[in-house]
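1. Compute the structure for the input listed below.
(2 chains)
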Amino acid sequence: MYALEIIDVHARYGKRTVLQSVSLQVAPGGWFCLLGPNGVGKSTLLQCLAGRVTPTQGAIRIAGHDFTSHADDAKRALGHACAPDQLPGLLTGRQCLDIYAYAKGLRSIDADVLAFAEALRFTPYLDHYVDTFSLGTRQKLCVLLALLGRPRLIVLDEAFNGLDPRSALTLKRELKQRLEDGAAVLLATHSLDIVEHHASHAALMMSGRIVHEWTAAELGELRRTGGDFETALAALSEAGD
Amino acid sequence: MSARLLLEEWRLSRSARLRRSGIHPGLLASALVAACVAIGFAMRAFARSGTGQQFAQACAQHALLAGLAAFVYALLFTIRHSAHLKSSYAQSWLRSTPVPPSSYRVAIAARLAVSAAATLIPAVASMAVLLASSGHAADAPSVLGWLAGSFCVGTVAGACWRVPEHEREQAESRYVLSLRPRAAGPSLEGLARWPIAKALAWHRPEHARVLFIVAALSVPAGTSALLGMAILMIWSLGSYLAAVARAVPAVAREAASWLRPTMVPFGAFAWAILRRALVHQLIGTTVLCAIVVAAGLRMSDAVYIGALWLTLSAMIGTIGLRQSFLALPSISRTLVSIGLALAAESRARGAGCVIASIVTLAHCGVWRRVRA
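-> Numbering: from 1, shown residues only, chains lettered A, B, ... in the order given. Sure, this is the predicted structure:
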């Protein structure tokens, strides 16, 4: 059973079609990176997973649960990191964690999330208001919210943006640990070093479609041969344009 | 030279803010002149009333006391304003430029002088009109001298006042109340505070100042001090209750979007957001009713208006909550419902409350509905 199955998903904003027949699968333990220029539909696809955008066609299954007919079960298995500007500015970090934990049906905030907050050096900010946070600090809170309740699918949108190198490394280690425990990660990113060093699968999106996918074997081959992923990606992007 | 640059930057940002608000400088100047003339006439009318005569006489007899009050006001105002200016210049986007600290000090002094003049000139002019119109023209030089002199001394003292380092720290957020001890486990308690924090943010002095000017001008000439206070309190409390009613749908929209990837049920979500707002509405409406009864309205009318407001605010809140939870727009439904309730109310007394209650209950009927 896949941690995430996206089957022939179409989505539009008004009359503008932003996703056209997008299909992908992420297996448990897989780290899937979604690549592509700005405005090609990566974030919209992730918004579909969060339930903020309703696909006009197609199906989404999270841990085997259909996102439309079994929304609660699907959401229970989902850890979605919202965009930093979507965090409520008038609440404190701790209040955000409390509300999110309650909304996910947890009896307490996971000890490992609090330990990870400490590792990210976020603990001193727990009782500060979100509107006083820097981008990086907001980003840390978004990731912490996504990790609550040990989700089987972790969805991150540009989660490394604004993080200092030490925190970024800590997050990569945490995600690796989660992958070993059977979770899966879907990350929309422009950071090619993550694709080159950590991803098990990657896909390039152009104009609302997935135009190329790299399998684990292809990524492994690139790593072994020291292939230039950046050049390959640029060539594919130009061909897609 | 650099101080002039800082002042020019301040002037430009002020005029840009006016432009962005759509206020034409000519219109603003005309409004200011009209306000001055209106205040002048109001002061003249006040001076001829019994209370005005007594006030002018008291000022003439106790010029020293008036000066002391002006000194204390100027001192406290300038200390606060000076700390704010220092803090804002410390965060200024020009901080990375080679502007010497002395220029910041000069710019702060100039801005404090402008603020002091903006308070002092109208106060002195009003007092002059009051004294002249109440037959105490002979006492005017000493009263105005004490007033202006003490105010200037207070301003200089406030500008020179050094705020201790530990008190200079800014609050984490200007928008919210201080924290109380939190619940033991995860809860939606934070959601309950959110509409209140939002209403308070909307009600900050820089946002509410226009309302207070309107409130002050709405007090009729010749009104007793008690009634004047009651009118001001009605404006102030009424606007707060309106802000809370408006904050509930606004918070519902933001919170629903933020919590969309979770399985939070509608009942818990709605109750968490509505709970504290409803308590504030209930207490505020009760106080408001008591004020209007004290001001002369019949008890039955006050209770009726209070009940109508409570049902309308509950209706606005529940429509906003339900629609936001289902990711649907709420504004047109809210406006139609309010229109319907008010139309019914205009036909029969109490019908608006019934309609609002029915609409509220209809929107509570989705307790078990799950979002798509």
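2. Please name every helix or strand in contact with the helix or strand bottoming out on mean pLDDT in chain A.
-> In chain A, no helix or strand scores lower on mean pLDDT, DSSP states H and E than helix A:229-240, which sits at a mean of 74. The contact analysis (3 or more Cβ pairs under 8 Å, 6 or more residues apart in numbering or on different chains; DSSP states H and E) places helix A:229-240 against helix A:192-197, strand A:201-206, strand A:209-214. Every C-beta, even on glycine, is put in place using the N, C-alpha and C of the backbone.
3. Mean neighbour count and distance to chain B for those - can I get that in JSON lines?
-> As requested, these are exported to JSON lines (neighbours: other Cβ atoms under 10 Å in any protein chain shown; distance: least, Cβ to the nearest Cβ, whole Å):
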{"stretch": "helix A:192-197", "mean neighbour count": "17", "distance to chain B": "22"}
{"stretch": "strand A:201-206", "mean neighbour count": "22", "distance to chain B": "21"}
{"stretch": "strand A:209-214", "mean neighbour count": "18", "distance to chain B": "22"}
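4. Dump those to a markdown table, plus mean pLDDT.
-> Output for the helices and strands packed on helix A:229-240, formatted as a markdown table (pLDDT from 0 to 100):
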| stretch | mean pLDDT |
| --- | --- |
| helix A:192-197 | 86 |
| strand A:201-206 | 92 |
| strand A:209-214 | 90 |
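5. Make JSON lines from these and add distance to B:Tyr240 to it.
-> Shown next, in JSON lines, are those (distance: least, Cβ to Cβ, whole Å):
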{"stretch": "helix A:192-197", "distance to B:Tyr240": "49"}
{"stretch": "strand A:201-206", "distance to B:Tyr240": "48"}
{"stretch": "strand A:209-214", "distance to B:Tyr240": "52"}
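6. hey, where'd the helices end up in the chain?
-> All of this refers to chain A. Taking DSSP state H, the helices of chain A run over residues A:42-50, A:71-76, A:93-103, A:111-119, A:135-147, A:165-180, A:192-197, A:216-225, A:229-240.
7. look at chain B instead
-> Secondary structure of chain B, counting by DSSP H: helices at B:2-20, B:25-48, B:50-61, B:63-90, B:101-133, B:140-160, B:189-202, B:205-217, B:225-258, B:266-294, B:299-325, B:331-347, B:351-364.
8. Quick one, which of these gets closest to A:Leu179.
-> helix B:225-258 (26.5 Å; Cβ to Cβ).
9. nearest spatial neighbour of A:Ala101, skipping sequence neighbours?
-> Excluding the flanking residues, the one nearest A:Ala101 by Cβ to Cβ, 6 or more residues apart in numbering or on different chains is B:Pro186, at 3.5 Å.
10. Verify the contact between that neighbour and A:Val113 for me.
-> No - assessed by Cβ atoms under 8 Å, B:Pro186 is found out of contact with A:Val113, at 11.3 Å.
11. Quickly list what's touching both of these two.
-> Listed as contacting both B:Pro186 and A:Val113 by Cβ atoms under 8 Å, 6 or more residues apart in numbering or on different chains are A:Leu97.
12. ok, back up a step: what number of residues lie near the residue nearest to A:Ala101?
-> Using other Cβ atoms under 10 Å in any protein chain shown, B:Pro186 has 22 neighbouring residues.
13. Pull up the gap between it and B:Ser313, please.
-> Per Cβ to Cβ, to the nearest Å, B:Pro186 is found 29 Å from B:Ser313.
14. Other residues contacting the least confident helix or strand of chain A?
-> A:35-37, A:192, A:195-196, A:204, A:206-207, A:211-212, A:222.
15. now stretch B:293-301
-> By Cβ under 8 Å, 6+ apart, stretch B:293-301 touches B:227, B:230-231, B:234, B:302.
16. Figure out how far that stretch is from the centre of its chain.
-> In terms of Cα atoms, centre = their mean, to the nearest Å, the centre of stretch B:293-301 is set 26 Å apart from its chain centre.
17. and what of stretch A:16-33?
-> When C-alpha coordinates are averaged (Cα atoms, centre = their mean), stretch A:16-33 and its chain have centres 11 Å apart.
18. what's the neighbour count on A:Thr92?
-> A:Thr92, neighbours per other Cβ under 10 Å, totals 24.
19. Same question for the one 4 residues further on.
-> The local packing count at A:Cys96 equals 20, with neighbours defined by other Cβ under 10 Å.
20. and it, what pLDDT?
-> Note for A:Cys96: predicted pLDDT of 92.
21. what's the answer for the one 5 residues further on, then?
-> The model reports A:Ala101 with a pLDDT of 91.
22. pretty sure it is touching A:Leu148, no?
-> Yes - in this structure A:Ala101 lies within contact range of A:Leu148 using Cβ under 8 Å: 5.4 Å.
23. got any residues that touch both of these two?
-> A:109-110.
24. pLDDT weak spots in the stretch 251-372 of chain B?
-> Residues of the stretch 251-372 of chain B meeting the criterion pLDDT under 70: B:365-372.
25. if you set the cut-off to 50 instead, what comes out?
-> B:366-372 (pLDDT under 50).
26. Also chain A?
-> In chain A, no residues with pLDDT under 50.
27. mind listing what the residue most central in space within chain B touches?
-> When Cα atoms, centre = their mean is applied to chain B, the residue found nearest the centroid is B:Ala208 (2.9 Å). Going by Cβ under 8 Å, 6+ apart, B:Ala208 touches B:Ser239.
28. backbone phi and psi for the closest residue to B:Tyr240 other than its chain neighbours, please?
-> Spatial nearest neighbour of B:Tyr240, excluding adjacent residues (Cβ to Cβ, 6+ apart): B:His203 at 5.9 Å. In terms of degrees, to the nearest 10, the main-chain angles of B:His203 are phi -100, psi 10.
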